[in-house]
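**Q** Here is a sequence with its predicted model. Questions after.
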Amino acid sequence: MSWYLVRRLLLTLPVLFFVSVIVFSLINLIPGDPARIMLGEEASREALSALRKEMGLDRPRYVQYLLWLNHVARGDFGRSVRDGRPVLDTLLLKLPVTIELAVTSLVVAWVIAIPAGVVAAWKQRTALDYAATTVALAGISVPNFWLGIMMIYLFAVNLRLLPPSGYIEPWIDLARSLKLMVMPSIVLGAALAALVMRLLRSSMLEVLGTDYIRTARAKGLDDVVVLIRHAMKNAMIPVVTVMGLQLSGLLGGAVITETIFAVPGLGRLTVDSILTRDYPMVQGVVLFAALAGARTE
Amino acid sequence: MSRFAADLPADVVGPQRGTREVRRYGLGYFLHRYARNRLALVGLWVVLGIALVAIFAPWFAPASPIKPDFGNLLQPSTATHPMGTDDLGRDVLSRVIFGTRTALLAGVISVGIAVIAGLPAGLLSGYYGGRLDDLLMRLTDAMLSFPFLVLALALAAVLGAGLDKALIAIGIVFTPRFIRLSRAQVLGEREQNYVEAARAMGVGDGRIIWRHILPNSISPIVVQASLDMAGAITAEAALSFLGLGTQPPTPSWGSMLNIAQAYLSTAPWMAVWPGLAIFITVLALNLLGDGLREALDPRLR
């Protein structure tokens, strides 16, 4: 077991190496002089050469990479060009917001998907099954930015049931915080719910066809007991094993969701730093996202 | 694709009452299987319809998608403008119609890039194995570690704004999937008897890969490509929505939605139609892809 873990960790190292090379290259692939891009066209010659020196741009590429890696390994992601604060501080400040959104979305997704998947498999080829699979297909196809805008139009502009956008910490005003999180969680959770439902349905169908389910039924056990105690326990395994992938997908979806609903998390930070060309911040947030989703076979 | 009746589910093989022997392989049989799936047929027709609209956009569109009309700003639906007008007085219907071009271009070009780059790499990597294969797999692992939209955004930002650059960015992000998929296919086929036989007859590696392995492993790649077209269209719309893809005044459903956000309470039709267009296109492509999967792989249900 411990040997297995060591092997897994060793396999992760080359992946992390490539992740770091990709993130480093992203910024270095930008045509032109990064110092000039950051400071703008009107920057003085002295300021330019000072920034170049500070960024190590006067040294060979591989030295730049090693220097950068050395800093990152020690938790130094550089400073934001926009506000001069350390990138890592900002990342850690925004992280809880995105985690909160990811957790509520995961809850929304599972609460919808698990009963829907179980019922669809149990009542295969009935109207219930067709309805569930059709809604799931729609959920996979609907672009989340459109879903978000339409929900704002319906629930905030027209019905005035929910605030259109914004964020507040739950410990400051719990009721308002929950109200603000309803739409983002549904928008972010919708695609995930559809995926989980399809996954659970097919794994349920597989389990329901096995001998031990037939035995349990033959023993005269109640259908619902068989379904929940026997079938679901095994059918949930694939759903739980891809949870890492689900979280990585949520992180990507958070980019859109947080932008639409003005939630100040990592997703919104990604867009803001890209649009304002805050390259150290882009590098930091992209690296952060990759490390969260790092996968190995 | 399986050529043995024994591999097919019973309802496909079942007795053919009063009919002559039905061929169970080849294009005809594939079309027959595909046509049995009604939803897949709907998807196919919708996709073909959208392609027609894209090709003949100037004939379908009642007005210019680009020229502003300042006398008709933010008008709701009327006879001349069935989907209303936008913030510059342009006909929303015409912009949605011309938007099909951007969307289909996004689907075809970015998936094309991913297939052209990923397929040969995956085939060679799987066939020869070794150090290069290991290296390539770790590289694809690394690329797949990034949430897909985050990497596309970062690449698009590095390459600069514009439709062409957005499509390259999306194509790069989709490439590892095709490397992994075609590699897995080769690994499955490489040890089959027919490959062994070809090798024993002295057929060269290149010819074995191209003429023997590729045709036998193409179906999952076709399925993946059709599903990824749906993904690429959504991704282009997402990048344009965030301001990085298609630049104004070129009509793109994503950038139309971006502008529509500001007029949500006064001109909601600006947001409804382009979004609906994305939804329908992506849904149709997903139906098409699911249908292809069922028709090409009888074991999957």
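**A** Received it, and whenever you're ready, just let me know what you need.
**Q** Neighbours of residue 147, how many?
**A** With no chain named, the answer covers chain A. 22 (other Cβ atoms under 10 Å in any protein chain shown). All C-beta spots, glycine's among them, are computed from the backbone N, C-alpha and C.
**Q** wait, chain B
**A** B:Pro147 has 25 nearby residues by other Cβ under 10 Å.
**Q** Quick check: mean pLDDT of stretch B:38-57?
**A** Stretch B:38-57 carries an average pLDDT of 94.
**Q** Check which residues of that stretch are buried.
**A** Residues of stretch B:38-57 classed as buried: B:39-40, B:43-44, B:46-47, B:50, B:53-54, B:57 (neighbour count, 16 or more other Cβ atoms under 10 Å in any protein chain shown).
**Q** And for stretch A:172-188?
**A** For stretch A:172-188, by 16+ other Cβ under 10 Å, it's A:177, A:180-188.
**Q** So is that stretch next to chain B?
**A** No. Using Cβ under 8 Å from any Cβ of the partner chain, we find that stretch A:172-188 stays clear of chain B, coming within 12.2 Å at best.
**Q** Now do the contacts for B:Ala295.
**A** B:30, B:33-34, B:37, B:40 (Cβ atoms under 8 Å, 6 or more residues apart in numbering or on different chains).
**Q** And the spatially most central residue of chain A, which helix or strand is it part of?
**A** Chain A has A:Leu251 as the residue nearest its centroid, 1.3 Å off, counting by Cα atoms, centre = their mean. With elements delineated by DSSP states H and E, A:Leu251 resides in helix A:243-260, which encompasses its position.
**Q** show me the residues around the residue nearest to the centre of chain A that make contact.
**A** Taking Cβ under 8 Å, 6+ apart as the test, what A:Leu251 contacts is A:98, A:102, A:266-267, A:289, A:292-293, B:147, B:150.
**Q** one more time with 10 Å, if that's ok
**A** A:98-99, A:101-102, A:188, A:265-267, A:270, A:288-290, A:292-293, B:146-147, B:149-150 (Cβ atoms under 10 Å, 6 or more residues apart in numbering or on different chains).
**Q** Just those residues: which are in helices?
**A** Residues of the contacts of A:Leu251 located in helices (DSSP state H): A:98-99, A:101-102, A:188, A:266-267, A:270, A:288-290, A:292-293, B:149-150.
**Q** Now the buried members of those.
**A** Buried among the ones in helices among the contacts of A:Leu251 (16+ other Cβ under 10 Å): A:98-99, A:101-102, A:188, A:266-267, A:270, A:288-290, A:292-293, B:149-150.
**Q** Which single one of those is nearest to B:Ser217?
**A** Taking Cβ to Cβ as the measure, B:Ser217 lies nearest A:Gly293 of these, at 28.0 Å.
**Q** right, and the closest one touches B:Ser145 too?
**A** Yes. Here A:Gly293 reaches B:Ser145: they are 4.9 Å apart, a contact under Cβ atoms under 10 Å.
**Q** Now do the shared contacts for the two.
**A** Counting by Cβ under 10 Å, 6+ apart, the residues touching both A:Gly293 and B:Ser145 are A:19, A:248.
**Q** one step back: where's the dip in pLDDT among the buried ones among the ones in helices among the contacts of A:Leu251?
**A** A:Gly293 (73).
**Q** Next, the contact list for that residue, please.
**A** A:19, A:244-245, A:247-252, B:144-148, B:150.
**Q** 8 Å - rerun?
**A** A:244-245, A:247-248, A:251, B:145-147.
**Q** Just the local confidence number for residue 260, please.
**A** Let's take chain A. 95.
**Q** Please refer instead to chain B.
**A** 94.
**Q** Who are the packing partners of the helix or strand encompassing it?
**A** For B:Ala260, the enclosing helix or strand under DSSP H and E is helix B:253-260. Applying 3 or more Cβ pairs under 8 Å, 6 or more residues apart in numbering or on different chains; DSSP states H and E, one finds that helix B:253-260 contacts helix A:144-151, helix B:92-128, helix B:214-241, helix B:269-296.
**Q** Got a quick ChimeraX command for the buried subset of the contacts of A:Gly293?
**A** Selecting only the buried entries of the contacts of A:Gly293 in ChimeraX, with 16+ other Cβ under 10 Å as the criterion:
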select /A:247,248,251 /B:145,146,147
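**Q** Let me have the contacts of A:Gly293 in a markdown table, extended by pLDDT and distance to A:Gly78.
**A** Output for those, formatted as a markdown table (pLDDT from 0 to 100; distance: Cβ to Cβ, whole Å):
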| residue | pLDDT | distance to A:Gly78 |
| --- | --- | --- |
| A:Gly244 | 72 | 28 |
| A:Leu245 | 74 | 30 |
| A:Leu247 | 78 | 26 |
| A:Ser248 | 76 | 24 |
| A:Leu251 | 84 | 21 |
| B:Ser145 | 88 | 21 |
| B:Phe146 | 90 | 19 |
| B:Pro147 | 88 | 22 |
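**Q** Go through the contacts of A:Gly293 and name the one nearest A:Gln283.
**A** Nearest to A:Gln283, judged by Cβ to Cβ, of the contacts of A:Gly293 is B:Phe146 at 12.5 Å.
**Q** tell me the contacts of the residue lying closest to that closest one once chain neighbours are set aside?
**A** Among residues not flanking B:Phe146 along the chain, A:Ala290 sits closest, at 4.7 Å (Cβ to Cβ, 6 or more residues apart in numbering or on different chains). Contact analysis of A:Ala290 by Cβ under 8 Å, 6+ apart lists A:19, A:22-23, B:142, B:145-146.
**Q** Please produce JSON lines containing the residues you listed, extended by distance to B:Ala295.
**A** Formatted as JSON lines, the contacts of A:Ala290 follow (distance: Cβ to Cβ, whole Å):
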{"residue": "A:Val19", "distance to B:Ala295": "38"}
{"residue": "A:Ile22", "distance to B:Ala295": "37"}
{"residue": "A:Val23", "distance to B:Ala295": "41"}
{"residue": "B:Ala142", "distance to B:Ala295": "35"}
{"residue": "B:Ser145", "distance to B:Ala295": "34"}
{"residue": "B:Phe146", "distance to B:Ala295": "33"}
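**Q** so which of those residues comes closest to B:Asp91?
**A** Using Cβ to Cβ, B:Phe146 is the member of those that sits closest to B:Asp91, with 39.2 Å.
**Q** mind listing the helices for the stretch 1-150 of chain A?
**A** With DSSP state H, counting those that start in this stretch as the criterion, the stretch 1-150 of chain A has helices at A:2-28, A:34-39, A:45-55, A:61-73, A:87-122, A:127-141, A:144-151.
**Q** which stretch in the ones you listed has the least confidence?
**A** Minimum mean pLDDT among those: helix A:34-39, a mean of 71.
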